[in-house]
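Novice: sharing a sequence plus its predicted fold:
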Amino acid sequence: MLNLAALAKAWNRLNKNASAGVDRVTAQAYGENLLPNLIGLEQRLRTKRYRCKAVRRSFIPKSNGKQRPLGIPALEDKIVQQAVSDILRSIFEWDFSDSSFAYREGRGAGDATQSLAANLQWGPFGYVVEADIQSFFDHVDHDWMMRMLEQRIDDKALLGLIEQWLKAPVIEVDGSSHRPDKGTPQGGVISPMLANIYLHYVLDHWFERKIRPKLKARSLLIRYADDYILAFQNHRDARALYGSLPARLKKFGLTVAPEKTALTRFSRFRPSMRRRFKFLGFEYYWWNDQKGRARLMRRTARSKLKELRQVLKLWLRQNRNRPLPELAAELRVKMLGHYRYFAVKGNGQSVGRYYTMVTELLFKWLNRCSQRRSYNWTGFLQLLQLMRLPKPSSATAAQKRVFWLFEKGVAVAR
């Protein structure tokens with residue numbers, strides 16, 4: 001399965017701009033002798049001489065001021081991980097639930113949020129359960145992970161590779177190293193697929209096979225990686241799930257974050273209660289339209305805007321020496337990506353706030369760079385026209401079609 005063609009396909013799928021691992025080999029350097037390198041890698045895999053390298057620890061800032069740990073594999077480990085991830089996807093895609101939206105072809109976070117919004121707007125649900133998993137990627141139990149994989153895979157060599165990556169040494173920023181006894185590093189190419197498989201058994205399969213048949217009324221699970229929301233028609237059902245979830249997660253080495261766990265009355269039949277909850281960067285709430293009808297609304301969560309501000313500041317600092325045209329081109333891509341995801345009906349104010357935030361940070365950054373000229377606001381506005389940074393605009397035709405379906409109740413998921 002891990003032949004030269006599979007490795008070449010994996011190479012083509014890799015992010016060539018990603019950070020290098022402990023060996024400091026970049027994609028550019030590896031690609032200069034790509035065919036001989038891939039042939040050598042394939043031979044080591046075939047003759048069982050392949051050994052993964054240590055994982056390099058790195059950190060990125062979080063919106064709460066803390067840092068998120070990443071584990072960066074060496075380049076060849078990324079290639080093999082991508083190839084194995086493709087194999088796992090072809091096997092487990094048939095098992096994954098319709099409620100799972102992350103790291104799957106033709107699905108994404110936008111689909112998850114749209115499905116949730118449509119179901120809450122037009123479905124009978126009146127109660128929402130939020131239960132955040134505390135540091136999920138750091139607490140994946142290796143033994144359970146391997147047992148889950150063995151449910152569908154009997155290739156010992158393939159399982160051995162995955163176990164190598166789970167137990168690979170981690171080189172910390174200060175140079176110290178240790179072998180983890182749990183967790184799968186964020187930053188690893190295969191980690192998203194392993195996370196999906198783990199939570200498929202921990203949550204999706206359990207909920208649909210064990211919990212849902214016992215419920216008195218309709219229920220809903222929407223999951224994107226380790227972010228998920230459960231909705232219920234019946235309060236007793238919601239209470240029962242809310243009470244049993246911590247024990248279920250504990251069985252697999254996971255815990256809920258109490259400060260991010262809640263059972264909320266959230267119903268279009270009770271919009272005056274003004275309850276809110278957050279999911280995948282959006283805050284969900286009810287609003288009465290001009291005819292007095294309850295409409296589900298979404299706006300960018302304040303915590304998400306704060307996080308985006310920190311990420312953009314770091315990105316500007318890291319790219320301070322790049323030519324301005326290159327910087328502008330990449331910034332345009334980032335802004336358009338933000339609009340594609342967050343430019344939903346009723347969220348115009350938050351999207352506009354994002355544009356203002358970007359331009360203000362850019363103005364401050366340009367005037368702090370000693371190598372660049374200083375700008376007043378008049379000169380900066382002229383520069384913005386040259387940079388062609390996109391402004392929030394009306395919805396695209398595709399978005400308008402989604403809005404129409406949403407209004408008509410056609411977009412309700414199963």
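Specialist: Everything's here; your move.
Novice: how about the nearest residue to residue 151, chain neighbours excluded?
Specialist: In this structure, residue 151 finds its nearest non-sequential neighbour in residue 201, 7.8 Å apart by CB to CB, 6 or more residues apart in numbering. No exception for glycine: its C-beta is placed from N, CA and C like everyone else's.
Novice: ranges for the strands of the chain?
Specialist: 55-61, 67-72, 127-133, 170-171, 177-178, 219-224, 227-232, 256-265, 277-279, 282-288, 294-300 (DSSP state E).
Novice: for the closest residue to residue 218 other than its chain neighbours, give me its contacts.
Specialist: With sequence-adjacent residues excluded and distances taken as CB to CB, 6+ apart, residue 218 is closest to residue 233, at 4.5 Å. Going by CB atoms under 8 Å, 6 or more residues apart in numbering, residue 233 touches 123-127, 217-219.
Novice: nearest to residue 210, of those residues?
Specialist: residue 219 (12.4 Å; CB to CB).
Novice: can you give me the pLDDT of the spatially closest residue to that closest one that is not a sequence neighbour?
Specialist: Nearest non-adjacent residue to residue 219, counting by CB to CB, 6+ apart: residue 232, 5.1 Å away. pLDDT recorded at residue 232 is 97.
Novice: number of nearby residues for residue 232?
Specialist: Residues within reach of residue 232, counting by other CB atoms under 10 Å, total 25.
Novice: so it touches residue 124, yeah?
Specialist: No - Residue 232 is beyond contact range of residue 124, at 9.4 Å (criterion: CB atoms under 8 Å).
Novice: now do stretch 349-364: everything it contacts.
Specialist: Outside stretch 349-364, the residues within contact range by CB under 8 Å, 6+ apart are 299-300, 305, 308-309, 312-313, 316, 331, 335, 338-339, 342-343, 375, 377, 380, 384, 389, 391-392.
Novice: in the record's domain split, what are the boundaries for this protein?
Specialist: Listed by automatic domain parsing, the domain ranges of the chain are 4-104+137-190, 109-131+194-297, 302-398.
Novice: and these, which one is worst for confidence?
Specialist: Across these, domain 302-398 gives the lowest mean pLDDT, at a mean of 84.
Novice: and it, how far out from the chain middle?
Specialist: Domain 302-398 has its average C-alpha position 22 Å from the chain's average C-alpha position, going by CA atoms, centre = their mean, to the nearest Å.
Novice: quick revisit: tell me the one of the contacts of residue 233 nearest residue 169?
Specialist: Here the nearest of the contacts of residue 233 to residue 169, counting by CB to CB, is residue 219; it sits at 43.0 Å.
Novice: re earlier: and the residue nearest to residue 219, what does it touch?
Specialist: Residue 232 makes contacts with 125-129, 215, 217-220, 238, 241, as judged by CB under 8 Å, 6+ apart.
Novice: what separation do you get for it and residue 191?
Specialist: 31 Å (CB to CB, to the nearest Å).
Novice: one more: residue 52?
Specialist: The value you get for residue 52 to residue 191, if CB to CB is used, is 13 Å.
Novice: more crowded one of the two?
Specialist: Taking neighbours as other CB under 10 Å, residue 52 and residue 191 compare with residue 191 leading, 24 against 19.
Novice: list the contacts of the more buried one.
Specialist: Residue 191 neighbours (CB under 8 Å, 6+ apart): 71, 137, 184-185.
Novice: helices - which of these land there?
Specialist: Using DSSP state H, no member of the contacts of residue 191 sits in helices.
Novice: which of these sits closest to residue 286?
Specialist: residue 137 (33.5 Å).
Novice: what about the helices in the stretch 301-414 of the chain?
Specialist: 302-318, 324-342, 348-368, 377-387, 397-408 (DSSP state H, counting those that start in this stretch).
Novice: measure how the fourth one sits relative to helix 324-342, angle-wise.
Specialist: It refers to helix 377-387. Orientation of helix 377-387 against helix 324-342 (axes from the mean of the first three to the mean of the last three CA atoms, to 10 degrees) gives an angle of 80 degrees.
Novice: okay, the angle between helix 377-387 and helix 348-368?
Specialist: 110 degrees.
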